[in-house]
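*Asks:* next comes the sequence, and after it the predicted model I'd like to discuss.
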Amino acid sequence: MMRWAVLAAALLAVPGHSQLASGKNPTGADRISPNDNRKSAGTLAGGVLKIRLAARAGEWHPDGDNDPGIHVNAFGVDGGALQIPGPLIRVREGTEIRASLRNLLETPLVVHGLYTRPAKSDADASPATIAAGGTREITFQAGAPGTYYYWAAADATQAITPRPGAVTQLSGAFIVDPAVDPAHAASSSDRVLVITGWLNGARRGPEQRARIAINGQSWPNTERLTYAVGDVVRMRILNLSNSVHPMHLHGFYFNVDSRGTERADEVFPAHSSPHLVVTERTVPGSTFSLTWRPTRPGNWLFHCHDTLHVTYSGPLEGDARHQSMSQMDMMAGPVIGITVTGKSLERAATSAPRRRLRLVARVDDGGSDEEPAFGYTLEGAGAAASKPYLPAPTIVLRRGEPVSITVVNYLPIPTSVHWHGIELESYYDGVAGFAGNGNRLAPAITPGGSFEARFTPPRSGTFIYHTHLDDLKQQQAGLTGALVVVDDPAKYDPQHDLVMLVTTPRRVSDDSVVLLNGTSAPPSRTMHVGEHYRLRFINVHVSRPSMRMRLLRGDELVTWRSIAKDGMDLPGDQVSERASAVQMGNGETYDFDFVPMQLGDLHVDITAANGTLLTSMPIHITGATSAGVR
Ligand SMILES: [Cu+2]
């Protein structure tokens, strides 16, 4: 709760115009329905969609019907129930939309997004102002296929972020499907997921509350999606909230098919090289669409990897909900559960001998009850461990070699380990009480207990392991580490292969810095002119979804070659020399190849989105070694 108090204010701070619902509020407020975005609102005839929208105040129940609500403004079909997100407008290319908008609020409403796509100028995208009590008719052609949205604010100066509390939910999806749709993307399997957020007026302290929802519901009330092995899963993600959400899928890569904004959508051509990731960072007002094909059954999470955003921020006023120590209850917010049924399409693991490791979660020195210090030690890999247990040991695995990692819990509380980015059986995925199949669900690892995770990493790359139980507390305490898969561990050379693991200080009072490989003052590294260095950047901070990592000579960027994202090698046409800077969401990994060409001093700076320096690693470039170029 303490981190919410400090960080939510910084990340999400908006003027407090809203209130928690309470018995003091007018009773009988319209209950707002969650909108699953499966069906377009309005009536379609003769190539024209007619839709009548109205905006008015209501009571939103992101925690479910039995929990208290929040008084916000919302859109609904005029005469029908209010919805969060607002009614879906989904048409085929070539459709004309005739919208009637009625403003039943006591203040004017400025409505954005009801115009032909793409909008090439401000004039093309100009909003419509509707006086309190007024109605406006807007007619426009849908335009180019893509993922778009409409939204409203109280005045014309307001951007989609930050909008104050009461108007944050005045947002809806506008989808234009291709006129010809050979992939049947417009079928019901193409799901539209709108993320909205709300923060109460409290700036700090225990009164602060946040709710971040997908299609109007916060985990565990979000819709559970079900697919069969072999299905093609299609989703469109619209971030219409006030904050950045790095959306992470467990167990599988997904392909990013498009990236867009309110005004335009870049749909990647069908036969272009893939954009395969396990985490896609999405900023407020941006959209992306994705496809993936589950090839293994089980329960999988798709969630925001900003740990703060998926941590329950406390009950709404009057809430009697008891928060248990179960993982299902400890997460909240933008999290979707996906159940995949059927038999695995993947070949059974090889019969190669299974390598055995023990990963031990331990109490470290220097913690408190409120802010514990935890860490991992690794046995079976020849690494001696001593306090402090920071950074967590880098686990180096061989591609294609079956591994058994027994996680031993020496903590006073239950824990669980998620192997982030690894394609594995659901049961070993580390989400206690959720991962698994049917009735066989992965247990939390109780104090003194252990759990054997088995998998065979199918590809070389940069991955993460971290606790997935009581995430905010345990990750901050130190339970996050790098997982590196290589073709040949014997050739793994930490002198030339640098893990750059970015994590959270154990104390919130140290939040002006981040830890790079376990310290806010990373020691200097030496590199040799002409040799190749692989930099493996990992952002597994509990918040800070917009950090920038830069390799600098003085104030100047140098160049590096981007080679992998989230453990997946980039296709040849996406590998490129580029300026040595990358912005990273939590749960993302980026690999770069760097060859220093001249002597001197470089440094890796990690800065916050606003440019504040969070930590810096000096790098000293010396002449070539006698061994020469590796
Ligand atoms: Cu993760």
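*Replies:* Arrived safely.
*Asks:* for the residue of the chain found nearest the ion, give me the pLDDT.
*Replies:* Nearest residue of the chain to the ion (Cβ to the ion) works out as His420 at 3.5 Å. Using the backbone N, CA and C atoms, a C-beta is placed for each residue, glycine as well. On the pLDDT scale, His420 is placed at 98.
*Asks:* try Asp181
*Replies:* Value listed for Asp181 in the pLDDT field: 75.
*Asks:* nearest residue to it other than its sequence neighbours?
*Replies:* Spatial nearest neighbour of Asp181, excluding adjacent residues (Cβ to Cβ, 6 or more residues apart in numbering): Arg92 at 7.9 Å.
*Asks:* I figured that neighbour hits Ala179, correct?
*Replies:* Yes. Using Cβ atoms under 8 Å, Arg92 is in contact with Ala179, at 5.6 Å.
*Asks:* list the contacts of His209.
*Replies:* Careful, residue 209 is Arg; it's not His. If a contact means Cβ atoms under 8 Å, 6 or more residues apart in numbering, then Arg209 has Leu20, Leu199, Asn200, Ala202, Ser313, Gly314, Leu316 as its contacts.
*Asks:* the last one and Ile212, how far apart?
*Replies:* Using Cβ to Cβ, to the nearest Å, one gets 14 Å for the distance from Leu316 to Ile212.
*Asks:* Ala57 bridge partners, please.
*Replies:* On the basis of DSSP bridges, Ala57 is bridged to Asn73.
*Asks:* top of the contacts of Arg209 by neighbour count?
*Replies:* Leu199 (27 neighbours; other Cβ atoms under 10 Å).
*Asks:* surely that one and Glu207 touch.
*Replies:* No. Counting by Cβ under 8 Å, Leu199 does not reach Glu207; the two are 11.4 Å apart.
*Asks:* and the pLDDT at the closest residue to the residue of the chain closest to the ion other than its chain neighbours?
*Replies:* Of all residues not flanking His420 in the chain, Ile464 sits nearest, at 3.9 Å (Cβ to Cβ, 6+ apart). Among the per-residue scores, Ile464 holds a pLDDT of 98.
*Asks:* just the element for Ile464, please.
*Replies:* strand 461-467 (DSSP states H and E).
*Asks:* can you give the contact residues for that strand?
*Replies:* Identification of contacts with strand 461-467 by Cβ under 8 Å, 6+ apart yields 359, 361, 392, 395, 415-422, 457, 474-475, 479-485, 499, 536-538, 540, 564, 566-569, 587, 589-591.
*Asks:* over to stretch 516-523?
*Replies:* Stretch 516-523 is contacted from outside by 388, 390-392, 499-503, 505, 510, 513-514, 604, 606, 614-617, using Cβ under 8 Å, 6+ apart.
*Asks:* what do you get for stretch 210-218?
*Replies:* Contacts of stretch 210-218 (Cβ under 8 Å, 6+ apart): 4, 8, 12, 32-37, 60, 62-64, 70, 83-85, 192-200, 222-223, 241, 243, 245, 304, 309, 313, 316, 332-336.
*Asks:* apply 6 Å and report the result again.
*Replies:* Stretch 210-218 is contacted by residues 8, 34-37, 62-63, 84, 193-199, 222, 241, 309, 313, 332-334, 336 when judged by Cβ atoms under 6 Å, 6 or more residues apart in numbering.
*Asks:* likewise stretch 238-248?
*Replies:* So stretch 238-248 is contacted by 11-12, 149, 161-162, 171, 173, 194-197, 212, 237, 279-284, 286-287, 303-305, 334, 545-546, 585-587 (Cβ under 6 Å, 6+ apart).
*Asks:* before we move on, the earlier item: what packs against whichever helix or strand comes after the strand holding Ile464?
*Replies:* Heading C-terminal from strand 461-467, the first helix or strand you meet, by DSSP H and E, is helix 471-477. When contacts are defined as 3 or more Cβ pairs under 6 Å, 6 or more residues apart in numbering; DSSP states H and E, helix 471-477 sits against strand 461-467.
*Asks:* partner strands of the strand it packs on, with direction?
*Replies:* Assessed with DSSP bridges, strand 461-467 is paired to strand 417-420 (antiparallel), strand 480-486 (antiparallel).
*Asks:* how about that strand as PDB, C-alpha atoms only?
*Replies:* Only the C-alpha atoms of strand 461-467 are listed here, as PDB (Å, rounded to 0.1, in the frame of the first residue of the first chain):
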ATOM      1  CA  GLY A 461      17.500 -15.200 -25.600                       C
ATOM      2  CA  THR A 462      17.000 -13.000 -22.600                       C
ATOM      3  CA  PHE A 463      14.200 -13.800 -20.200                       C
ATOM      4  CA  ILE A 464      13.300 -13.100 -16.600                       C
ATOM      5  CA  TYR A 465      12.300 -15.100 -13.600                       C
ATOM      6  CA  HIS A 466      10.400 -13.400 -10.800                       C
ATOM      7  CA  THR A 467       7.900 -14.100  -8.000                       C
END
